[in-house]
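# test case, fold it:
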Amino acid sequence: MSTEQIHAALAALAAEPEPAQRPEGPQEEDRLRLLGSLLAKTELEIAAATRLTEEGEIEDVLETLLGWGEQLGANPDLAVNVLTNRLQRTAVQVSEPEAQELPPGREAAFAAVMTAVYALGAQVHADRGDEDGTRRALSGAEEALIDILQGMHELRVAIGDAAGPVGEGDD
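Numbering: from 1, shown residues only. All right, here's what the predicted structure looks like:
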C-alpha cells in the first residue's frame, strides 16, 4: 500500500492527520506514521462498535477476528509477526515513554505484554531449531515474569495487603 493510498484511505474515513509540513503532500517517510493513524482509526471504530457487556463483547471480538483472519490468510509465520508487532506497540503504549517512572500496575502490565512477546519469540526460535535464540527469548520472558510479580507485590504493599521492604535500622 503506497503512502498516497494510505492518505486517501484516511481522507475517506475523515481521519486525516495534521497536514504534512511539505506542500507536495505526504512522502514515503510519512508512511509508517500514516499507517499508525489508519490503525488507530480502525481500532477506535472497533472499540466503538464493540458491546461492553460480558455476553456480547466476546461475540464482537470474535467477529473482528474473523475479518482479521480473512485478511491474513493461512500463514502462521505472518500471524506471529503481526501479533508480535501488535504486542510491541501495546508495550510501548503501556509504558508511557515520557514517564520517568511507571506506577507498579503499569510496570507489571508492561512486563506481562513483554512476557508474551518473548514467549512467542522463543517458540519461533525453537521451531527454527535455533537453541541460542530460544534461550535468549526464554531468559527475557523469565525476567519479565519477575517484573510482573514485583509490580503486583508493590501494588499489594500500596493497598496494605503486604509488608513493604524492610529498611536498614528496622528491627
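
# list the buried residues of the longest helix that the chain contains.
The longest helix of the chain (DSSP state H) is helix 131-158. Buried residues in helix 131-158, counted by 16 or more other CB atoms under 10 Å: 134, 137-138, 140-141, 144-145, 147-148, 151-155. Where C-beta positions appear, they are placed from N, C-alpha and C, glycine not excepted.

# of the residues you listed, which is the nearest to residue 119?
residue 141 (5.1 Å; CB to CB).

# helix or strand for the residue nearest to that closest one when sequence neighbours are not counted, which one?
Once flanking residues are discounted, residue 141 sits nearest to residue 118: 3.7 Å by CB to CB, 6 or more residues apart in numbering. Assigned by DSSP states H and E, residue 118 falls within helix 104-127.

# point out where the protein drops to low pLDDT.
Low-confidence segments of the chain, defined by pLDDT under 70: 17-23, 166-171.

# which strands and helices sit next to the helix holding residue 118?
helix 76-94, helix 131-158 (3 or more CB pairs under 8 Å, 6 or more residues apart in numbering; DSSP states H and E).

# got the angle for the shortest one vs helix 104-127?
What it means is helix 76-94. Put simply, helix 76-94 runs at 160 degrees to helix 104-127, going by axes from the mean of the first three to the mean of the last three CA atoms, to 10 degrees.

# buried sites along helix 76-94?
In helix 76-94, counting by 16+ other CB under 10 Å, buried: 84, 87, 90, 91, 94.

# what sits against the third one?
Residues near residue 90 by CB atoms under 8 Å, 6 or more residues apart in numbering: residue 113.

# repeat that for 10 Å
109, 110, 112, 113, 114, 116, 117 (CB atoms under 10 Å, 6 or more residues apart in numbering).

# nearest spatial neighbour of residue 122, skipping sequence neighbours?
According to CB to CB, 6+ apart, the nearest residue to residue 122 is residue 137 (3.7 Å).

# isn't that neighbour up against residue 116?
No. The criterion here is CB atoms under 10 Å, and residue 137 misses it with residue 116 at 11.3 Å.

# check contacts around the closest residue to residue 77 other than its chain neighbours.
The shortest distance from residue 77 to any non-neighbouring residue, by CB to CB, 6+ apart, is to residue 124 (7.9 Å). Contacts for residue 124 were tallied using CB under 10 Å, 6+ apart; they are 76, 77, 80, 81, 84, 130, 133, 134, 137.

# distance of the fourth one from residue 52?
According to CB to CB, to the nearest Å, residue 81 stands 30 Å off from residue 52.

# again, but for the first one
Between residue 76 and residue 52 the computed distance is 32 Å (CB to CB).
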